[in-house]
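> Predicted model and sequence below, questions to follow.
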Amino acid sequence: MRRRRYFVGLAALLVAASTLMIAGPAGASSTADTCNNTMNPANNGNSSGLIIACQFSSATTAGTSLTIEDYKDAVWHAGAVRSVNVTVSRANGSEAGHYVVKWTGTVVAPSTTGSATELGPVPGDVNHSIENLQSTVYTINQTSPLGAFIDAGTTIRSVVSGTGGYWVLSKPTVAGRNGNPACSTGTTCDKSVAISLVISNNVGREGNNGVTTANSATVTSAQSNPTGCTGVDPADCSGAGTGNTSADQGMQFTAADAGNLFSGGDLPDGAQISTVNTANSVTLDCNPTVSVGGAPVWNWGDGGACVSPFVGTVSSATAQIITITPYPIPTSVRFLSGATLSGTKGGVPERTITMTQPTFSKFDVGLVLRGCDTTFAAGSVCNPATAIAAGTRIASVGNGGTTAVMDPVSGSGATWTAGAGQHLTVGFFSKTASATGDVIGSLAIGLTVDPNISPTSPPCAANKVSGFQLPVKWRNPGASNGTGYDFGFAGPPINQYAGASISGTSTAQLTVITSVTTFAGFLKQDLTVALQVPTTTRWRIAFESLPIGIGLCTGTGIAETLEIKGLSNKHALNPSGTGGAFGATRALLPEGQNQVGGSTYTGTAVSNTVGANVIGGTPAPTISNACTVTSPNIIGIGCQNANHTM
């Protein structure tokens, strides 16, 4: 997407001593069960907030679990990375000014590309972003993070595989804080000490030398690779080529770009790459109703063809900032709950993961797995533990997306907890993900609180309604030692429900923490997979355990508003071009250019224009969710046709 650059019924658990007391009726609620859902802004191809506002007449209608199904055109953060250890030349006395980073690993036969713990340089890395996991943003003290020597937006131009292999960069390295990565001794050396970088699992990237021609669907971007490159220390390139600097960054198109979304300048919304003419030229198409460049047909929007997408729309221009967004949408770093693990390292069959629903895609090849062990957390979903040898990685995935087979040489040992009901994490989160702990939204609640749960609350007979707002925090899947999900689970009086129930596959945990309880929802990227190619059918947030009944005064209702921000603090701090695609918490996919009336997303029945839905208790609430998204975008507050009243 363009780089212009929840829920209900949860509340009873949240009440803290600081609750604001508001006079109001406490008896049996006459309020209808209603949810008004909307977005703000509602501009295609941009970050967008989600607003879910519901009233429930009782704990029964609010339910003990809750699912928010997002608008069909919404996309949440997607993508993952793998970690590699590299060195960089310091023959010039600096870590800056080099085009080669060299892999430190040693290939383990019969592999020609990987060690036991890492996948080294492979041809498929071309055009993927490669960066320090730490941000290169300067702090208020004007110092960059230690060792952040890769310029933001750097991609891989070419690779040489094997022991001593290396990656050629699209931008020269820059100075890291305190001269890091440093030599082992002194300031000048053939290679620095090893440092970790991350490589994206997709080709999302940005250039700044795009050239468009009036009324034409062809876009050019001048670029030729650095020359005279070698992996012999001091590994570097002798020539910079063209289009390989921050000031002049070319795109280097390849056949793998066909079908990807393409934006920039006055190019039409929804343009895709139909033909890669040369490494410096592509031809675009704008037609959501057909397969462009071999990519799946769009499964969002009203399906109308783009109206005169290039003639009369595109002008002649140079030095355009142009962006490639991968389509289909890549699979993400994610936590798998309920996986079946089988096979043995190097055996027949090889180690295999099986899920009941489509989970894996071509974007997962090379990603590392991590087991789940939170035996320190009583009642945790990860107790008993799932143990997986460090460095174990995916070598292939099944055509239907329910299985993934491991690379037989991967893993620093043979540890593999076979059996059903296992839990593990696939991949590492990218720099374009929200940071764990980022506040990405809020939950506002009004209810009549049972003083048996919140001792500072007045008696139910006092007819007092409590109102308050709580932050919603993002947590990435990760290590099970506290840096990943919160797996804690304990009932009253602790009331820790974050890890009470986690089913299937999730890409993030959304936590709410108060003085009396913690609970969480899980972000899920629903997929269909054909021939290893994923199609995202919906994004949803699932709160699978909401014991709200313990907090409401008998016979009373609850009002809740969940608001999700389109950008987190991490996104606001990332430099332009950082880390591949999908640099937002939540955004909207493009709409076809100039479709008459735009696409109106509404209703709850499965369709390409279905609106946001809430699934909780019984009876189901009445849903109001109409939202028209236009192309080109218009200036306005949220969905122009939204109902913002209850």
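All right, it came through fine.
> which stretches of the stretch 451-600 of the chain have low pLDDT?
480-482, 547-550 (pLDDT under 70).
> Helices of that one, start to end?
Remark: helices assigned in the stretch 451-600 of the chain by DSSP state H, counting those that start in this stretch are 569-573.
> now the strands for it?
For the stretch 451-600 of the chain, strands defined by DSSP state E, counting those that start in this stretch occupy the ranges 464-475, 504-506, 508-513, 518-530, 533-543, 558-564, 586-588, 599-601.
> And the second one, what does it pack against?
I take that to be strand 504-506. Applying 3 or more CB pairs under 8 Å, 6 or more residues apart in numbering; DSSP states H and E, one finds that strand 504-506 makes contact with strand 334-342, strand 518-530. In this view, the C-beta of every residue, glycine as well, is placed from N, C-alpha and C.
> Same list (those) but as a markdown table, adding mean neighbour count and distance to Leu443.
Converted to a markdown table, the helices and strands packed on strand 504-506 look like this (neighbours: other CB atoms under 10 Å; distance: least, CB to CB, whole Å):
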| stretch | mean neighbour count | distance to Leu443 |
| --- | --- | --- |
| strand 334-342 | 21 | 22 |
| strand 518-530 | 22 | 10 |
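> now the ones you listed in JSON lines, with distance to Gly638?
Output for these, formatted as JSON lines (distance: least, CB to CB, whole Å):
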{"stretch": "strand 334-342", "distance to Gly638": "30"}
{"stretch": "strand 518-530", "distance to Gly638": "22"}
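> right, and those - which one's nearest Cys35?
With CB to CB as the measure, strand 518-530 is the member of the helices and strands packed on strand 504-506 nearest Cys35 (15.6 Å).
> what's the weakest-modelled helix or strand in this protein?
strand 20-23 (a mean of 32; mean pLDDT, DSSP states H and E).
> Need the winner for burial among the strands of the stretch 451-600 of the chain.
strand 586-588 (a mean of 26; mean count of other CB atoms under 10 Å).
> Report all helices and strands that that strand contacts.
Judged by 3+ CB pairs under 8 Å, 6+ apart, the packing partners of strand 586-588 are strand 74-76.
> Sheet-wise, list the partners of the strand it packs on with their directions.
Next to strand 74-76 in the sheet, as set by DSSP bridges, lie strand 586-588 (antiparallel).
> distance between the strand it pairs with and the chain's centre?
Remark: strand 586-588 is offset 11 Å from the chain centroid, using CA atoms, centre = their mean, to the nearest Å.
> what comes into contact with that strand?
1, 39, 42-50, 70-71, 73-77, 564-566, 629 (CB atoms under 8 Å, 6 or more residues apart in numbering).
> hmm, try it at 6 Å
Met1, Asn44, Ser47, Ser48, Asp73, Val75, Trp76, Ile564, Gly566 (CB atoms under 6 Å, 6 or more residues apart in numbering).
> Can you pull the domain assignment for the chain?
Taking automatic domain parsing as the domain assignment, the record places the domains of the chain at 11-78+432-575+582-629, 334-426.
> got JSON lines for the ones you listed, with distance to Cys237 too?
As requested, the domains of the chain are exported to JSON lines (distance: least, CB to CB, whole Å):
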{"stretch": "domain 11-78+432-575+582-629", "distance to Cys237": "24"}
{"stretch": "domain 334-426", "distance to Cys237": "25"}
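> Between its first and last residues, how far does stretch 491-506 reach?
23 Å (CA to CA, to the nearest Å).
> That one: which residues count as buried?
By neighbour count with 16 or more other CB atoms under 10 Å, stretch 491-506 contains the buried residues Asn495, Gln496, Tyr497, Ala498, Gly499, Ala500, Ser501, Ile502, Gly504, Thr505, Ser506.
> I'd like the average pLDDT over stretch 107-122.
Computed over stretch 107-122, the mean pLDDT rounds to 97.
> Quick check: buried residues in it?
Neighbour counts over stretch 107-122 (16+ other CB under 10 Å) mark 107-108, 111, 113-122 as buried.
> and what of stretch 77-86?
By neighbour count on 16+ other CB under 10 Å, the buried set for stretch 77-86 is His77, Ala78, Gly79, Ala80, Val81, Arg82, Ser83, Val84, Asn85, Val86.
> Of these, which belong to strands?
Counted as lying in strands by DSSP state E, out of these, are Val81, Arg82, Ser83, Val84, Asn85, Val86.
> Give me the pLDDT for the first one.
Translated: Val81. We have a pLDDT of 95 for Val81.
> For it, list the residues it contacts.
Listed by CB under 6 Å, 6+ apart, the contact partners of Val81 are Val198, Ile199, Ser200, Phe428, Ser430.
> Counting neighbours, which of the residues you listed end up buried?
Val198, Ile199, Ser200, Phe428, Ser430.
> And the fourth one, how far from Thr331?
The reference is to Phe428. Distance of Phe428 to Thr331, given as CB to CB, to the nearest Å: 13 Å.
> likewise the third one?
Ser200 sits 12 Å away from Thr331 when distances are taken as CB to CB.
> just the last one next, same as before
Distance check for Ser430 against Thr331: by CB to CB, it reads 12 Å.
> One more: the second one?
Between Ile199 and Thr331 the distance, using CB to CB, works out to 15 Å.
> give the contact list for Ser506.
For Ser506, the contacting residues are Phe335, Phe522, Leu523, Lys524, by CB under 6 Å, 6+ apart.
> And for Ala305, nearest residue in space, chain neighbours not counted?
Asn287 (5.4 Å; CB to CB, 6 or more residues apart in numbering).
> Distance of the one you found relative to Gly270?
For Asn287, the distance to Gly270 - CB to CB - is 8 Å.
> can you check Val629 too?
Counting by CB to CB, the gap from Val629 to Gly270 is 11 Å.
> could the ones in strands among the buried residues of stretch 77-86 be laid out in a markdown table, adding distance to Ala444?
Below are those laid out as a markdown table (distance: CB to CB, whole Å):
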| residue | distance to Ala444 |
| --- | --- |
| Val81 | 35 |
| Arg82 | 39 |
| Ser83 | 39 |
| Val84 | 44 |
| Asn85 | 46 |
| Val86 | 47 |
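> neighbouring contacts of stretch 620-637?
With CB under 6 Å, 6+ apart as the test, stretch 620-637 has contacts from 33-37, 39, 42-44, 269, 591, 593, 598-602, 604, 611-614, 639, 641, 643.
> can you check stretch 439-447 too?
Stretch 439-447 is contacted from outside by 11, 434, 465, 467, 469-474, 512, 558-565, 568, 585, using CB under 6 Å, 6+ apart.
> same check, this time on stretch 592-603
With CB under 6 Å, 6+ apart as the test, stretch 592-603 has contacts from 71-72, 268-270, 286, 288, 301-302, 304, 306-307, 309, 591, 609-611, 625-631.
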